[in-house]
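**Student:** here is a sequence together with a model predicted from it:
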Amino acid sequence: LSTLLIKNGCVYDGLGHAEIRASVLIRDDMIERIAPNIDAHADIEIDACGKCVTPGFIDIHRHCDIKPFNSDDFGYAMLAQGITTTVVGNCGISMTPFSTDHVAALEMHNYYDPVLGPAYTPDIHTFPQYMDALSLRPLPLNFAALIGAGSVKATVKGFADTPFSKDELQKTRSIFDEALMAGAAGVSVGIMYQPECYNTTRDYIEMLKPLGKYNTVVAAHIRDEADGMVGSVAEMIEIGKAVGCAIEISHFKSCNKNNWNRDIYKAIELIEKARADGLDISVDLYPYDCGSTSLSTLLPDTFVAGSMENALKKLGTPGGIGEYRRLGAEKYHGWDHWEKVLGWDRIIISGVSNAHNKKYQGKSVAQSVKEYGFTDGCELVGYLIHDECGKTALINRTMCESDIEAAAKLPYSIFISDSIYAQTDTPHPRMYGAFPKIIRNYVNERHLFPLETAICKMTGMPAARMKLDRRGVLKEGYFADVNVFEKCKFKDNATFEQPAQLATGLDCCIVNGRLALKDGKPTSGNFGRLIRINH
Ligand SMILES: [Zn+2]
């Protein structure tokens, strides 16, 4: 057994208590002792004088489900941020179940590629198979997983908008049950997305029944995060109460200018009333005022008319641009038309695939229209979508800082990254910077709350939410996932222009008692483990 001693640091327990000056003795993968002036001899000694010693961070909302199967270095972005545990399978999207039928499998890839990344087709079809396969892969950090209700629906009944039959609901329930038995942390729903958008509230109450037994968590990408946000939160409360499960509202936010500084408070009121009634409901958020998606989401359905291929062709002609301009100006119900609800100055071209379009990258549509002499936003956007075959990424500044601040300060809110693994050179900076950004920006610069509160929202609270056994807290007898850093040096470097920048200033990151990052540099080891949740 190896021993590791972290000497004389400012120790934050992850439960929100103020720091204490102490040393931490680790034996093998566990924390053996936390006390001032531990005098033991250890194989490795780390001088933490003047430094913070915290539990490893826990990102319960990352979409790296497939990465252990097709990438060797995906862990760096997380370890450099101090993330030692992640929970995948969010927003209704999990790698399994995965149909054995060829056509259904293709449909499934189109469904999850933009979130989980390029297709991977191993012989993994059920959730228990996914867990078994993960447990055999080298993992840079600890993994737990939710099962996605969207992936289950795609497997049970495809992408049709027809109602669930009794039989289909029963099948869905048994797949959830099987996943929970195999150690799933809970179920995620992505009600905004196909094919879940056709589900009724009643459908969810019926299908989620197996979760009521264990007060298991349902992580929810709600039905509408813009004009219908408050009603969508109410829907989740109704489901939680009827099923008897816990509810986690994922990436809690209020999109679109007209709703700012108002709807988030209405939703908070509903949530606090439900909490007072005994519902176990909480929220999480990422520390940025922007989302990211594909530029082609700016095209109305009426323009695409069922064929993206044809839409791309049309945009190569002045007539097609005119049609897009005309249809784009119409009113739509239930569709966030970024041009209308945000304005071209809040839509930023973030990722282009052709070198000759690089000049647009990092600029708003409004700015480029002016600088490069386009008639209007439609002309520029139409040109880019056509020229890049729809592979352009946009950043939409849909949120406002005061709303985010209100959510961040809630005693029941925790932090996530919501990293998406679509293939692009310009991902959302949250992938590389979300966790240190909390410390740099929210604690050091803006003083929104003390460091112990920020740490608690990134460690003890997410661990409790996902029932991660003996993790997220620095305590004797707990797993040794530990970070050591200087409060003012640990920072994010990822920006919208240069997103793929690792965080810097983390001295050590320890995963299960082993140094995964030393002096800011990753060691070669994979010390993470698969975590199965006992319900
Ligand atoms: Zn989501």
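**Tutor:** Everything's here; your move.
**Student:** the helix or strand residue 7 falls within packs against which elements?
**Tutor:** For residue 7, the element it lies in under DSSP states H and E is strand 3-11. Applying 3 or more Cβ pairs under 8 Å, 6 or more residues apart in numbering; DSSP states H and E, we find strand 3-11 packed against strand 20-27, strand 44-47, strand 52-55, strand 482-485. Where you see a C-beta, it was placed from the backbone N, CA and C, and this is true even at glycine.
**Student:** list the buried residues for the first one?
**Tutor:** Okay, so that is strand 20-27. 22, 23, 24, 25, 26, 27 (16 or more other Cβ atoms under 10 Å).
**Student:** residues contacting the first one?
**Tutor:** Contacts for residue 22 (Cβ atoms under 8 Å, 6 or more residues apart in numbering) come out as 8, 9, 11, 34, 35, 36, 53.
**Student:** who does it bridge with?
**Tutor:** residue 9 (DSSP bridges).
**Student:** would you check how far apart it and residue 279 are?
**Tutor:** To residue 279, residue 22 is 37 Å away according to Cβ to Cβ, to the nearest Å.
**Student:** per-residue pLDDT of whichever residue of the stretch 101-250 of the chain sits closest to the ion, please?
**Tutor:** Of all residues in the stretch 101-250 of the chain, residue 221 sits closest to the ion, at 3.6 Å by Cβ to the ion. At residue 221, the model reports a pLDDT of 96.
**Student:** follow-up on the earlier one: the ion is nearest to which of the helices and strands packed on strand 3-11?
**Tutor:** Closest among the helices and strands packed on strand 3-11, using Cβ to the ion: strand 52-55, at 25.3 Å.
**Student:** and the closest one, what does it pack onto?
**Tutor:** Counting by 3+ Cβ pairs under 8 Å, 6+ apart, strand 52-55 packs on strand 3-11, helix 451-458, strand 482-485.
**Student:** switch the cut-off to 6 Å
**Tutor:** strand 3-11, strand 482-485 (3 or more Cβ pairs under 6 Å, 6 or more residues apart in numbering; DSSP states H and E).
**Student:** who's in contact with the longest one?
**Tutor:** Right, the one you point to is strand 3-11. Residues from elsewhere that reach strand 3-11 (Cβ atoms under 6 Å, 6 or more residues apart in numbering): 19-20, 22-27, 42-49, 51-53.
**Student:** can you list the residues of the stretch 201-350 of the chain near the ion?
**Tutor:** residue 221 (Cβ under 5 Å from the ion).
**Student:** so where do the helices sit in the stretch 201-350 of the chain?
**Tutor:** With DSSP state H, counting those that start in this stretch as the criterion, the stretch 201-350 of the chain has helices at 201-207, 209-212, 229-243, 263-276, 301-304, 308-314, 318-328, 338-341.
**Student:** now the stretch 1-150 of the chain
**Tutor:** 67-70, 76-79, 102-116, 127-136, 149-157.
**Student:** for the fourth one, give the mean pLDDT please.
**Tutor:** Helix 127-136 carries an average pLDDT of 96.
**Student:** how far does it sit from its chain's centre?
**Tutor:** 21 Å (Cα atoms, centre = their mean, to the nearest Å).
**Student:** restricted to buried residues, select the contacts of residue 22 in PyMOL.
**Tutor:** To isolate the buried ones among those in PyMOL, judged by 16+ other Cβ under 10 Å, type:
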select buried, resi 8+9+11+34+53
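**Student:** and which of the contacts of residue 22 is nearest the ion?
**Tutor:** residue 53 (32.5 Å).
**Student:** does the closest one touch residue 484 like I think?
**Tutor:** Yes - the pair residue 53 / residue 484 is scored as a contact, 5.5 Å apart, by Cβ atoms under 6 Å.
**Student:** model confidence for the closest residue to residue 417 other than its chain neighbours, exactly?
**Tutor:** Nearest residue to residue 417, sequence neighbours excluded (Cβ to Cβ, 6 or more residues apart in numbering): residue 434, at 3.8 Å. Looking at residue 434, its pLDDT stands at 97.
**Student:** and for residue 525?
**Tutor:** pLDDT, read off for residue 525, is 86.
**Student:** helix, strand, or coil at it?
**Tutor:** coil (DSSP: H, G, I helix; E, B strand; the rest coil).
**Student:** neighbours of residue 356, how many?
**Tutor:** 8 (other Cβ atoms under 10 Å).
**Student:** cool, and residue 332?
**Tutor:** Per other Cβ under 10 Å, the neighbour tally for residue 332 reads 13.
**Student:** any idea what residue 221 is bridged to?
**Tutor:** Beta-bridge partners of residue 221, as defined by DSSP bridges: residue 190.
**Student:** same check on residue 148?
**Tutor:** residue 188.
**Student:** show the average pLDDT along stretch 337-352.
**Tutor:** 86.
**Student:** what's the span of that stretch, first residue to last?
**Tutor:** End-to-end distance of stretch 337-352: 21 Å, with Cα to Cα, to the nearest Å as the criterion.
**Student:** name the surrounding residues that touch it.
**Tutor:** With Cβ under 6 Å, 6+ apart as the criterion, stretch 337-352 contacts 256, 298, 360-361, 364-366, 377, 392-397, 424, 426, 496.
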